[in-house]
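Novice: Coordinates for the following, if possible.
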Amino acid sequence: MPNPYLPRWEYIPDGEPRVFGDRVYVYGSHDTAGSDKFCDYQLKVWSAPIDNLNNWTCHGVAFRTRADRDHESDTPWTDGELYAPDVIEKDGKYYLYAYIFYTVGCVAVSDRPEGPFKLISQYKVPENSPKLLADRVFVDPGVLVDDDGRVYIYCGFEGSYMAELNPENMYEVIDGSFIPDIIPTDEPHGFFEACSPRKIGDTYYMIYSPKNGNRLDYATSKSPTGPFEYRGTIVDNGVDYPGGNNHGSICNIKGQWYIFYHRTTNGTVMSRRGCVERIEILPDGTIPQVEMTSLGFEESLSPYEVTPADLACVLKGDCIITEKNIFTRVITNITSGSIIGYKYFDFGEDYGSKTMEFSVLVNGMGCKSKIRILIDDYENGEEIGCIDVGPDNGVVSGVVKNVTGRHAVYFVIEDSFGGYFTDMFKGRHLFELESFVFSK
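Specialist: Residues are numbered from 1 along each chain as shown. The predicted structure is shown next:
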């Protein structure tokens, strides 16, 4: 599946990927299109076979803080929004940890990784605990079950902390185990939020969001209790794209490492969809930073299949992805100078053709404009064609230069006003982009 890797109507940010058995599960928050706040009151679970990452199954709502049409609330003491869960397995049981906005958190359990999860208890903390523990809020929890069976929970917002949990009940903090500032807020660490621990070999990784919230950074240690050494950035969702916060983690699926993260849509930082990129962990433990792409789990996309516009991984200017309804998502607010990009298409081998056809489905805005089509770079890349877009809705087609091999594709938008009234129409929305395709 390309990015976003779940159905395009689904909004699952803060994704924590876990492989249990022969399936990969994603546990995340749940956003809604065009919302003016982060998250809602339910946690949904999606999974796919590790042998077929194009076949995602929705297991429905696994936990909720408000009653819905089918179930009562799972948290009788609050109806606050649910944020950023994690699920870990211990002794054949699956334990859910989630932050409940501004209220006491809890732990839930299931016999199955997909849930549903049933409440065990609110967190239990030692008497006279520091305020961070005494409040029992536990912001954005990430949980690690170590090889020796000990259990650690890492949390934080504008400051990190950790504690050890009693492995006999999984919700009781062990007295004396609290450690503040497990990841420093000072540079270079710059911790902000979104703790996600992983153990790889004998090294402990902490993936988190720094003060520049567009990024997912990481730090490593030889101990679950630190100290953690800052190592760098894994992915930045604000490069050539409307940035927002970020939250996610790494996962090994059949020998390939991935970073799961999210990107914003709908002109707000609150409508976030899950994305994934392939990463590499080098022998020295470092993770080279990867770029955002449209690929998801794919190695390349086919330009000869219809590409929905909202798979864009580059949006510069005022343009944004907007969901009109569950069936329709477009790129809107397209003005002169907007840049829309997709990485990467494989155009195949050279069979002697000098040209090919490009077709795009647009919603007109009563304007005339142009789409310049460039490959490899939106500033200095080769221009393979230019298509005139009219004022009406429909399909616009034109002949472009044939290309072969693997390329990023960029659309650079220009208005066609000209003349005396050019300045008057600056910033005008020219059209909406629904989809496009190349053909030979």
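Novice: use CA for all of it now, contacts and neighbours both
Specialist: Will do.
Novice: first vs last residue of stretch 113-124, how far apart are they?
Specialist: In stretch 113-124, first residue to last residue: 24 Å (CA to CA, to the nearest Å).
Novice: what's the answer for stretch 126-135, then?
Specialist: Criterion CA to CA; first-to-last residue distance in stretch 126-135 is 11 Å.
Novice: which residues touch that stretch?
Specialist: Outside of stretch 126-135, the residues that reach it under the criterion CA atoms under 8 Å, 6 or more residues apart in numbering are 103, 104, 125, 138, 173, 174, 175.
Novice: swap the cut-off to 7 Å and go again
Specialist: Contact with stretch 126-135 is made by 104, 125, 173, 175, as judged by CA atoms under 7 Å, 6 or more residues apart in numbering.
Novice: Also stretch 143-151?
Specialist: For stretch 143-151, with CA under 7 Å, 6+ apart as the criterion, the contacting residues are 86, 88, 152, 153, 154, 164, 165, 167, 197, 198.
Novice: Residue 180 is in contact with residue 163, isn't it?
Specialist: No - because the distance of 8.8 Å does not satisfy CA atoms under 7 Å, residue 180 is recorded as not touching residue 163.
Novice: And the strands in the stretch 1-150 of the chain?
Specialist: Taking DSSP state E, counting those that start in this stretch as the criterion, the stretch 1-150 of the chain contains strands spanning 16-20, 23-27, 42-49, 57-64, 82-90, 93-100, 106-110, 118-122, 142-145.
Novice: can you redo those as TSV with mean neighbour count and distance to residue 327?
Specialist: Rendered in TSV, the data for these read as follows (neighbours: other CA atoms under 10 Å; distance: least, CA to CA, whole Å):
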stretch	mean neighbour count	distance to residue 327
strand 16-20	21	27
strand 23-27	23	23
strand 42-49	21	20
strand 57-64	17	18
strand 82-90	22	26
strand 93-100	23	31
strand 106-110	21	34
strand 118-122	16	33
strand 142-145	24	34
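Novice: I'd like those written out as a markdown table, with mean pLDDT and distance to residue 322 added.
Specialist: Written out in a markdown table, the entries for the strands of the stretch 1-150 of the chain read as follows (pLDDT from 0 to 100; distance: least, CA to CA, whole Å):
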| stretch | mean pLDDT | distance to residue 322 |
| --- | --- | --- |
| strand 16-20 | 98 | 25 |
| strand 23-27 | 98 | 24 |
| strand 42-49 | 97 | 22 |
| strand 57-64 | 97 | 23 |
| strand 82-90 | 97 | 23 |
| strand 93-100 | 97 | 28 |
| strand 106-110 | 98 | 35 |
| strand 118-122 | 97 | 36 |
| strand 142-145 | 98 | 31 |
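Novice: Ok, which of those comes nearest residue 293?
Specialist: Proximity to residue 293, assessed across the strands of the stretch 1-150 of the chain by CA to CA, is greatest for strand 16-20 (18.8 Å).
Novice: about what we covered before: can you flag the buried ones in the contacts of stretch 126-135?
Specialist: Burial by neighbour count, judged by 16 or more other CA atoms under 10 Å, picks out 104, 125, 173 from those.
Novice: pLDDT at the last one, what is it?
Specialist: Just to be clear, that refers to residue 173. Turning to residue 173, the model gives it a pLDDT of 98.
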